[in-house]
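[1] Structure of the sequence below:
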Amino acid sequence: MPTISIKREVLFQGLGQRYTEEEFDELCFEFGLELDEVVTEKDDNGKEEVVYKIEIGANRYDLLCVEGLVRALLVFQSKISIPKYELSKPGKLERLEVDPSVDCVRPHVIGAVLRGVTFTKERYDSFIELQDKLHQNLARKRTLASVGTHDLDTIKGPFKYMAKAPKDIKFVPLNHTKEFTSAELMELYSTDSHLKAYLPIIRDSPVYPVIYDANNVVLSLPPITNSEHSKITLKTKNVFIECTCTDLTKGKVVLDTLVTMFSQYCTKPFSIEPVETVSKGQTSVHPTLKYRTETIKSESVNGLVGVNQTPTEIATLLSKMCLESKVNKDNTITVTIPPTRHDVIHPCDIYEDVAIAYGYNNIVKTTPQTLTVAQQLPINKLTDQLRESVAQSGFTEALTFSLCSRDDVAAKMRKKIENIPAVHIANPKTLEFQVARTALLPGLLKTVQANRKMPLPLKLFEISDVVHKDLGTEVGARNERHLAAVFYNKTPGFEIIHGLLDRVMQLLEVPLSMDKSTSGYYLQSSEDASYFPGRAAEIVAYGQVIGRLGVLHPEVITGFDLNLPCSALEINIEPFL
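    Predicted structure coming up:
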């Protein structure tokens, strides 16, 4: 979940009251938040100041800045009434004209204007920080939406949104004095720690999106940077906000959140001037600041939350959560959902707010009305029993990653990836996590590699799930519980691994079948590329092959940067349930 950093003095000034750390922690808990930590940082002047780091729910975009958090806490404490957000009605709306050329790169743009804003350094910093938080979370690192903010008094509408070839876009970017083409900006920002992550969004496109004003002055190159010409400062009074997006719904949420949070600093608080967008002959006006209503029943609330509240009490609790509510004649409750609460998409979200306002600690614990007996899944029970017994046999348990590289399960094990039923990650972030593991041995060998300096012998085991591609299942893959063990020493120690297998079979009450019948288990010779020729065997139990054991091939050993022999065992334990 996202964490926001708020200066303690700014927070207490907004709340109009000072709290001890314990008191504020309790207030956060009552509101469903968590005071993660309290740190001391130095401000721009080198002076130390206390900063509160508060963990916010991932879907509560309205709490990502100090303005939203303070407003919500004051309403929760009944110190202020719920703000009413409204659209102003100027004589003429600012207009964004969309050219069809943007359809292939970033097709949508919407906007808004905040009039008569009064900025201080703290407000300005919060304004910028909220944009960054929205970009990182809701807008998925600017891929779905990105915001540009401009000093409206330095530009002139109507504004044109179009796409041009990179060499044809020239302007002075934010915090620079020299003019660059957008192609040159790609080179300039390729080493910028903040902006380089966003370059791939448009870098390979033949055209880049750009916004001009009526005088052909560039406002921004979305989603990368704005122009220095229209940069907002502490002296800015009228802010023009444009939001370009590939997902219009996400763009609307981003714009709604930004304008509702900072419209409190306008000449007329909570009043936002809309901007009209003209695209393909159709005109739309944003933001809509749409309020909607949901009707709920007190019986449903009480039943799901586990309380006994009257409709009037429930309406009062919801009003503390910025959800203005009233009781109807039939005792149903009409809940008004403001444009700040895009997280409320279902009546259950409203019930959750009732529980928060009532206080989770105040809900009386009761015995469930349904007669159910909980028990461990058989596979997990068997796993726990085997873990304990294998550990008692002198092996140390390891817990390795469920994802690994293609080389780990294929090349390093002397196999071809094409022959392995592996589930591949569509967009792996690193080379270390490309596929879901199909065996536990690669993970154990990597663990041995990381602990080569430990005293010998190294005896490791793991009991966990592997994933195999299976088109016969609903999701195209299935989990399989495996037990794997390795013995790494100056000698292969095959007898150690063989002894562990016999012990596991003894625990599972599977007898050794001397005549190789289906009444127990036995070993049969097998050739496997991962094992030394003639030193590997298949493990057959009740007539089916459940795994292999043997001495690993020298190329497998060296593939994991090891230099001593190693014997290994891996079996599927699900047939023994």
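[2] Show me where the stretch 101-250 of the chain dips below the pLDDT cut-off.
    Counting by pLDDT under 70, the stretch 101-250 of the chain contains no low-confidence segment.
[3] Show me the helices in it, by range?
    For the stretch 101-250 of the chain, the helices defined by DSSP state H, counting those that start in this stretch cover 121-136, 182-189, 248-262.
[4] Out of the ones you listed, which is closest to residue 376?
    helix 121-136 (39.6 Å; C-beta to C-beta). Bear in mind the C-beta positions are built from the backbone N, C-alpha and C, glycine included.
[5] how about residue 431, what does it touch?
    Residues near residue 431 by C-beta atoms under 8 Å, 6 or more residues apart in numbering: residue 405.
[6] That one and residue 405, how far apart?
    6 Å (C-beta to C-beta, to the nearest Å).
[7] Let me know the pLDDT of residue 94.
    Residue 94 is assigned 92 on the pLDDT scale.
[8] Can you tell me who it pairs with across the strands?
    When assigned by DSSP bridges, residue 94 has beta-bridge partners residue 275.
[9] how near is it to residue 277?
    Taken as C-beta to C-beta, the span from residue 94 to residue 277 is 10 Å.
[10] tell me which residues in the lowest-mean-pLDDT helix or strand in the chain are buried?
    Ranked by mean pLDDT, DSSP states H and E, the weakest helix or strand in the chain is strand 34-42, scoring a mean of 86. Across strand 34-42, burial judged by 16 or more other C-beta atoms under 10 Å covers 34-36.
[11] ditto for stretch 53-69
    54, 56, 59-69.
[12] Helix, strand or coil: sort out residue 361 for me.
    At residue 361 the chain is in helix, as set by DSSP: H, G, I helix; E, B strand; the rest coil.
[13] And residue 455, by the same measure?
    Assignment for residue 455 (three-state DSSP): coil.
[14] how near is it to residue 551?
    In terms of C-beta to C-beta, residue 455 sits 22 Å off from residue 551.
[15] what's the answer for residue 176, then?
    64 Å.
[16] and those two? which has more neighbours close in?
    Shown here are residue 176 and residue 551; by other C-beta atoms under 10 Å, residue 551 has more neighbours (23 against 14).
[17] so the more buried one touches residue 557, yeah?
    No: counting by C-beta atoms under 8 Å, residue 551 does not reach residue 557; the two are 9.6 Å apart.
[18] Give me the common contacts of those two.
    Common neighbours of residue 551 and residue 557 (C-beta under 8 Å, 6+ apart) are 565-566.
[19] Can you list the low-confidence ranges for the stretch 351-500 of the chain?
    In the stretch 351-500 of the chain (pLDDT under 70), no residue qualifies.
[20] mind listing the helices for it?
    378-392, 406-409, 441-450, 494-507.
[21] Mind listing residues that contact the second one?
    Applying C-beta under 8 Å, 6+ apart, the external contacts of helix 406-409 come out as 415, 417, 420, 422, 424, 434-435, 437-439, 442-443, 446.
[22] of those residues, buried ones?
    415, 420, 422, 434-435, 437-439, 442-443, 446.
[23] Pick the one among those closest to residue 128.
    Out of the buried ones among the contacts of helix 406-409, the member with the shortest distance to residue 128 (by C-beta to C-beta) is residue 434, at 36.7 Å.
[24] ok, now how distant is that closest one from residue 444?
    Residue 434 is 19 Å from residue 444, by C-beta to C-beta.
[25] Then residue 261?
    51 Å.
[26] And for residue 569?
    Residue 569 is 10 Å from residue 444, by C-beta to C-beta.
[27] Which neighbours do the two have in common?
    484-486.
[28] Which of those residues fall in strands?
    Judged by DSSP state E, the subset of the shared contacts of residue 569 and residue 444 located in strands is 484-486.
[29] Now distance to residue 190 and neighbour count too, for those, in TSV please.
    Below are those laid out as TSV (distance: C-beta to C-beta, whole Å; neighbours: other C-beta atoms under 10 Å):
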residue	distance to residue 190	neighbour count
484	44	25
485	48	28
486	44	26
